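>>> Task: produce atomic coordinates for the following.
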Amino acid sequence: MLLLDVAGRPLYLGREKRLASADQRIALYGSEKGCSAPRCDAPATRCQVHHITEWADGGRTDIDVLTLACDKHHGKVVPSHDDARRGFETITIPDGENAGRTGWRRTADPTGEYRVNHQHHPAELYRLAQQHHRERQQQFADAWRAQDLRAQHEEFVGSIHDDIAAILDGPHGPPILENLLAEDDAANHRHEAPPWPMDSYAAA
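Okay, the predicted model is just below:
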């Protein structure tokens, strides 16, 4: 079965043909601009057309399931029946901000995370740079805020701890409390000698 695009060019070859057509290559050059493996900067002119689902696994030669891969990365993609399973797997990201893009992951990666390549897409690089800038700005703001709080603590709270320690540090207890008790004893008549002789009460 052969499907054509709106201009009558064959972009969906199904299982009829394994190798991508010239029109498919041109479409991929325009959309992907280079190798789709994460962080790879190889241009499209140095790439091969790669079946996101390997041809050996039943992949189709359709434009929406093809991608570009340089020689270095294309040779490391392994089909599902490979016993060793050492290399990369590729899928089409189903949803999220990278929906429709080619995702790559190492078969030995325990996280199972698929990553996309932003190197050939200036708008995506700009968005990532902005995100990194905001994160760094927030880190500096948090560090400044924490330092400012420490300075306020030393200025307003740190001295209070010293004052409390001085108040409570006495040979027989808090000196201020001792002074207050002594002043209370001196001012309280119950601790003064009575004006009458106590012996008369004892004799009675």
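>>> Within the helices and strands, which one has residue 138?
Taking DSSP states H and E as the definition, one finds residue 138 inside helix 122-152.
>>> looking at this structure, which helix or strand does the model trust least?
Using mean pLDDT, DSSP states H and E, the weakest-scoring helix or strand in the chain turns out to be strand 3-4, at a mean of 52.
>>> What are the contacting residues of stretch 123-131?
118, 119 (Cβ atoms under 8 Å, 6 or more residues apart in numbering). Quick note: C-beta positions are derived from backbone N, CA and C, even for glycine.
>>> Report the buried residues of it.
Within stretch 123-131, the residues that count as buried by 16 or more other Cβ atoms under 10 Å are residue 124.
>>> Likewise for stretch 34-44?
Buried residues in stretch 34-44, counted by 16+ other Cβ under 10 Å: 34, 35, 36, 37, 38, 40, 42, 44.
>>> Could I get the average pLDDT for stretch 187-204?
Stretch 187-204 comes out with an average pLDDT of 58.
>>> Can I get stretch 179-190 in CSV, CA atoms only?
In CSV, the C-alpha atoms belonging to stretch 179-190 read as follows (Å, rounded to 0.1, in the frame of the first residue of the first chain):
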residue,chain,number,x,y,z
ASN,A,179,18.3,39.7,94.4
LEU,A,180,14.5,39.8,94.0
LEU,A,181,14.0,37.3,96.8
ALA,A,182,16.4,39.2,99.0
GLU,A,183,14.6,42.5,98.3
ASP,A,184,11.3,40.7,99.0
ASP,A,185,12.5,39.4,102.3
ALA,A,186,13.7,42.8,103.3
ALA,A,187,10.4,44.5,102.4
ASN,A,188,8.1,41.8,103.9
HIS,A,189,7.3,42.4,107.6
ARG,A,190,6.6,38.7,108.1
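>>> The most centrally placed residue in the chain and residue 107: what is the separation?
The centroid of the chain falls nearest to residue 135 when counting by Cα atoms, centre = their mean (9.4 Å). Counting by Cβ to Cβ, to the nearest Å, the gap from residue 135 to residue 107 is 30 Å.
>>> repeat for residue 78
From residue 78 to residue 107 the distance is 7 Å (Cβ to Cβ).
>>> still on that earlier bit, so which pair among the buried residues of stretch 34-44 is furthest apart in space?
38 and 44 (16.4 Å; Cβ to Cβ).
>>> Quick check: of the buried residues of stretch 34-44, which lies closest to residue 52?
For those, the nearest to residue 52 is residue 36 (9.0 Å; Cβ to Cβ).
>>> surely that closest one meets residue 98?
No. Judged on Cβ atoms under 8 Å, residue 36 makes no contact with residue 98 at a distance of 11.1 Å.
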